[in-house]
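A.B. asks: No letters, just coordinates:
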């Protein structure tokens, strides 16, 4: 029941839910096209991922390559990818956070049947 005794307009609620679902799909598609970067070692290793976390590119400065010390290079690669993924998570929160809250995800209640 809605305060004041009126009944909720189910058609209007369904239209709002469909619009939010479409907005969410659009935002997820945009995340898949947007690239963010992370780096390590003062820029010696750079990783580029999509906003959805897919690794797209890895750039390694020749100065970072020491055949006697491949462990450090591996650590720099892992750190750069982690930094890029952290930036992707931030982008996801910016793009999807407001939409999830609009679907009730911010309050913890959510809409039954939806993953928010």
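C.D. replies: All right, it came through fine. These figures come from a predicted structure and were not determined experimentally. Numbering: from 1, shown residues only.

A.B. asks: Pull the number of nearby residues for residue 13.
C.D. replies: By the other C-beta atoms under 10 Å criterion, the neighbourhood of residue 13 contains 10 residues. Heads up, the C-betas are built off the backbone N, CA and C, glycines and all.

A.B. asks: Next, report how far the helix or strand hosting it is displaced from the centre of its chain.
C.D. replies: Assigning secondary structure by DSSP states H and E places residue 13 in helix 10-33. Centre-to-centre, helix 10-33 and its host chain are 16 Å apart (C-alpha atoms, centre = their mean, to the nearest Å).

A.B. asks: swap in stretch 76-86?
C.D. replies: Relative to its chain's centre, stretch 76-86 lies at 15 Å (C-alpha atoms, centre = their mean).

A.B. asks: ok, back up a step: who's in contact with the next helix or strand after the helix holding residue 13?
C.D. replies: Note on helix 10-33: by DSSP H and E, the next helix or strand toward the C-terminus is strand 35-40. The contact list for strand 35-40 (C-beta atoms under 8 Å, 6 or more residues apart in numbering) reads 45-51, 56, 75-77, 79-88, 91.

A.B. asks: which among those residues end up buried?
C.D. replies: Neighbour-count burial (16 or more other C-beta atoms under 10 Å) is assigned, among the contacts of strand 35-40, to 45-51, 76-77, 79-81, 83-85, 87-88, 91.

A.B. asks: OK, contacts around residue 89?
C.D. replies: Here residue 89 is in contact with residue 53 (criterion: C-beta under 8 Å, 6+ apart).
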